[in-house]
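[1] quick check, what structure comes out for this input:
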Amino acid sequence: MESLRSKNNKNTLDTPEEINEDIIEEISIDCVIFGFNKQNLEVLLVQHAGGESKGKWGLLGGRVNIKESIDNAAHRIVYELTSLDNIYLEQLKAFADPDRVISERVITIGYYTLINREDYNIKAGLKVIEAKWHKINEVPDLIFDHNEILNFSLMHLRNRVRQAPIGFNLLPEKFTLLQLMHLYEEILGVELDKSNFRRKFLHMKLLAALDEKQQEVSHRAAKLYKFDSDIYKKLTEKGFNFEF
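    As a prediction, this is how the structure comes out:
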């Protein structure tokens, strides 16, 4: 798996003597970044460089500044920890178990997104030792309640793919039905029936068949498709009920 280490691993977190009065101590942000690399669904995790979480793995998280919105805080935190910029983040919910952090009372706001790994360059920030992609079925024990947040995000993503199309930015411009089905299998964590999947997807008129086939493959070349951008946008806005 891809791994990127910070050039500076010293503890840059605030010490008790250096309390930052510009942040809201009781509210934090935790972001679940799902990635797809043509084969596997993965999640981006960071290894913390200081504090009680030093050396442990967790989601991309941090505190909210007094003069910034929750959404702006989420984008800032993701950028500071990994250099990821200009990505869409969807707010999930608040995680407010009083015992989620042992040493203090902290309510965290969860966010998530799904990106194509090949479109982004990940660089570990100064507050983390390492930023690393993990296969979704190989995630270690995470700090605080981050495993719970991750599982909730995955459940939300799986519900989302049944209500709106995905794949526009995760697949090549031209793709096969098998490639599209594999994307859905990875997200849903199940094996799908090929003929049933083909029939349901073609019925939505979401795909435009091309007069082209795969090139330079050892097996029988499959027909290529592309998304109909107008229908894709319409279904994304209005939604649909797509049970597999």
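
[2] helix or strand right after the helix or strand of the chain with the lowest mean pLDDT?
    When each helix and strand of the chain is scored by mean pLDDT, DSSP states H and E, strand 3-5 comes last, with a mean of 51. Later in the chain than strand 3-5, the nearest helix or strand by DSSP states H and E is strand 23-36.

[3] quick one: mean pLDDT over the helix or strand that that next one is followed by.
    As assigned by DSSP H and E, the chain's next helix or strand after strand 23-36 is strand 41-48. Averaged across strand 41-48, pLDDT comes to 94.

[4] now do stretch 59-74
    The average pLDDT within stretch 59-74 is 94.

[5] name the residues that touch that stretch?
    Applying CB atoms under 8 Å, 6 or more residues apart in numbering, the contact partners of stretch 59-74 are 20, 22-25, 27-33, 44-46, 76-78, 80-82, 89, 91, 108-109, 111, 127, 142, 146, 149-150. In short, each C-beta sits where N, CA and C put it, glycine included.

[6] which residues of this structure score low on pLDDT?
    Applying pLDDT under 70 to the chain flags the ranges 1-21, 244.

[7] give me that answer again for 80
    1-25, 51-52, 216-218, 240-244 (pLDDT under 80).

[8] so how do I select the buried members of the contacts of stretch 59-74 in ChimeraX?
    Buried residues within the contacts of stretch 59-74, by 16 or more other CB atoms under 10 Å, are selected in ChimeraX with:
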select :23,28,29,30,31,32,33,44,45,46,77,78,81,82,89,108,109,111,127,142,146,149,150
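
[9] how much space separates Phe34 from Lys205?
    27 Å (CB to CB, to the nearest Å).

[10] so which of the two has more stuff around it?
    Neighbours of Phe34 and Lys205, each counted by other CB atoms under 10 Å, are more numerous for Phe34; the result is 22 against 10.

[11] residues in a beta bridge with that one, which ones?
    Beta-bridge partners for Phe34, by DSSP bridges, are Val43, Leu114.

[12] tell me the contacts of it?
    Counted by CB under 8 Å, 6+ apart, Phe34 has contacts 41-44, 112-115, 136, 153-154, 157.

[13] need the residues you listed in JSON lines with distance to Asp97, can you?
    Below are the contacts of Phe34 laid out as JSON lines (distance: CB to CB, whole Å):
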{"residue": "Leu41", "distance to Asp97": "27"}
{"residue": "Glu42", "distance to Asp97": "27"}
{"residue": "Val43", "distance to Asp97": "21"}
{"residue": "Leu44", "distance to Asp97": "24"}
{"residue": "Tyr112", "distance to Asp97": "19"}
{"residue": "Thr113", "distance to Asp97": "24"}
{"residue": "Leu114", "distance to Asp97": "26"}
{"residue": "Ile115", "distance to Asp97": "28"}
{"residue": "Ile136", "distance to Asp97": "23"}
{"residue": "Ser153", "distance to Asp97": "16"}
{"residue": "Leu154", "distance to Asp97": "19"}
{"residue": "Leu157", "distance to Asp97": "22"}
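
[14] mark which of those residues are buried, thanks.
    41-44, 112-115, 136, 153-154, 157.

[15] hmm, Thr176 and Ala221 touching each other?
    No. Look at Ala221 against Thr176 with CB atoms under 8 Å: they stay out of range, at 9.1 Å.

[16] got the CA positions of the longest helix belonging to the chain in PDB?
    Looking across the chain with DSSP state H, the single longest helix is helix 146-160. Below are the C-alpha coordinates for helix 146-160, written out as PDB (Å, rounded to 0.1, in the frame of the first residue of the first chain):
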ATOM      1  CA  HIS A 146     -12.900   6.300  14.800                       C
ATOM      2  CA  ASN A 147     -13.700   2.700  13.900                       C
ATOM      3  CA  GLU A 148     -17.400   3.500  14.700                       C
ATOM      4  CA  ILE A 149     -17.200   6.600  12.600                       C
ATOM      5  CA  LEU A 150     -15.700   4.700   9.700                       C
ATOM      6  CA  ASN A 151     -18.300   2.000   9.900                       C
ATOM      7  CA  PHE A 152     -21.100   4.500   9.900                       C
ATOM      8  CA  SER A 153     -19.600   6.300   6.900                       C
ATOM      9  CA  LEU A 154     -19.300   3.000   5.000                       C
ATOM     10  CA  MET A 155     -22.900   2.200   5.800                       C
ATOM     11  CA  HIS A 156     -23.900   5.700   4.600                       C
ATOM     12  CA  LEU A 157     -21.900   5.200   1.400                       C
ATOM     13  CA  ARG A 158     -23.600   1.800   0.700                       C
ATOM     14  CA  ASN A 159     -27.000   3.300   1.200                       C
ATOM     15  CA  ARG A 160     -26.000   6.200  -1.100                       C
END
